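Chemist: A predicted structure for the sequence below; I have some questions about it.
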Amino acid sequence: MTALRLDDLRHHSDILRLRSGKSLTVRFLEPADAEALQAYFRALTTGSRYNRFLGAMSELPHNLLADFIHVGEGDRFSVIATVAIDGHETIVGEARYAFGPDKDSFEFGLSIDDRWQGQGVGAALMRNLECRAAAFGATRLFGDTLRSNTAMIALARKSGFDFTSNPDDWKLVRFEKHSGLAPKEIPCASWRLAAEQISLHAAV
């Protein structure tokens with residue numbers, strides 16, 4: 001459904017600006033990122049990993065790591081948020097999202113490096129995910145998090161999401177947002193262009 005070839009994914013990167021003025025790059029994961037992604041998860045605090053995976057985990061199991069780096073399979077995608085530190089690209093956040101069977105829904109989860117929380121990385125990544133969802137016509141964005149995950153709940157609330165109970169697990173809360181952006185209204189330039197290309201492709 002994405003109308004994007006996997007070998008073209010590296011062209012879909014976004015340069016965002018944090019409150020500090022520092023540049024944040026959001027791009028699709030590639031197989032070459034496997035080691036850096038694993039190091040990122042290992043460096044998260046125990047609580048942050050627990051919140052991200054809804055349970056105890058010290059690192060990504062091999063099969064889950066493979067799922068993360070092979071983006072696009074089954075309409076599931078993984079992105080990383082990176083900054084340049086001493087000339088090196090450093091992962092400071094990540095997100096994984098999927099389109100539902102009806103192609104109208106967009107489910108996602110994310111994490112931010114503990115050292116970078118409170119600096120606008122989560123808000124910037126959240127806005128970028130909304131652009132990606134809108135580019136393919138998804139109008140319902142949602143995710144689930146633990147009721148104790150106050151940081152994620154605060155981020156979702158600040159980003160305009162509403163909250164409901166998870167229908168399958170009382171320990172989780174669902175955050176949900178409806179959006180009906182037209183391609184020309186998408187605020188991210190790269191995904192506005194992608195939406196226009198997708199619209200043209202669908203019309204042919």
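Modeler: Done, it's in.
Chemist: For the rest of this, base every contact and every neighbour count on C-alpha atoms.
Modeler: Will do.
Chemist: quick one: contacts for the spatially closest residue to A138 that is not a sequence neighbour?
Modeler: Computed as C-alpha to C-alpha, 6 or more residues apart in numbering, the closest residue to A138 that is not its neighbour in sequence is D104, at 4.2 Å. Shown in contact with D104 (C-alpha atoms under 8 Å, 6 or more residues apart in numbering): 137-140.
Chemist: By neighbour count, which of those residues wins?
Modeler: Counting neighbours by other C-alpha atoms under 10 Å, the top entry in the contacts of D104 is A138, with 23 neighbours.
Chemist: Tell me the secondary structure at that residue.
Modeler: coil (DSSP: H, G, I helix; E, B strand; the rest coil).
Chemist: thought it was touching P101?
Modeler: No. In this structure, A138 is not within contact of P101 by C-alpha atoms under 8 Å, at 11.1 Å.
Chemist: so what sits against both of the two?
Modeler: Joint contacts of A138 and P101 (C-alpha under 8 Å, 6+ apart) do not exist.
Chemist: Quick one: residues contacting D14.
Modeler: With C-alpha under 8 Å, 6+ apart, D14 has these contacts: 25-27, 188, 190.
Chemist: go on, F77?
Modeler: 28, 68, 70-71, 96-98.
Chemist: For it, give its distance to F163.
Modeler: Separation of F77 from F163 (C-alpha to C-alpha, to the nearest Å): 24 Å.
Chemist: ok but E176 is inside a helix, no?
Modeler: No. Applying three-state DSSP, one finds E176 to be strand, outside a helix.
Chemist: Longest strand in this protein, by number of residues?
Modeler: Secondary structure of the chain per DSSP state E: the longest strand is strand 88-99.
Chemist: Thanks a lot, see you next time.
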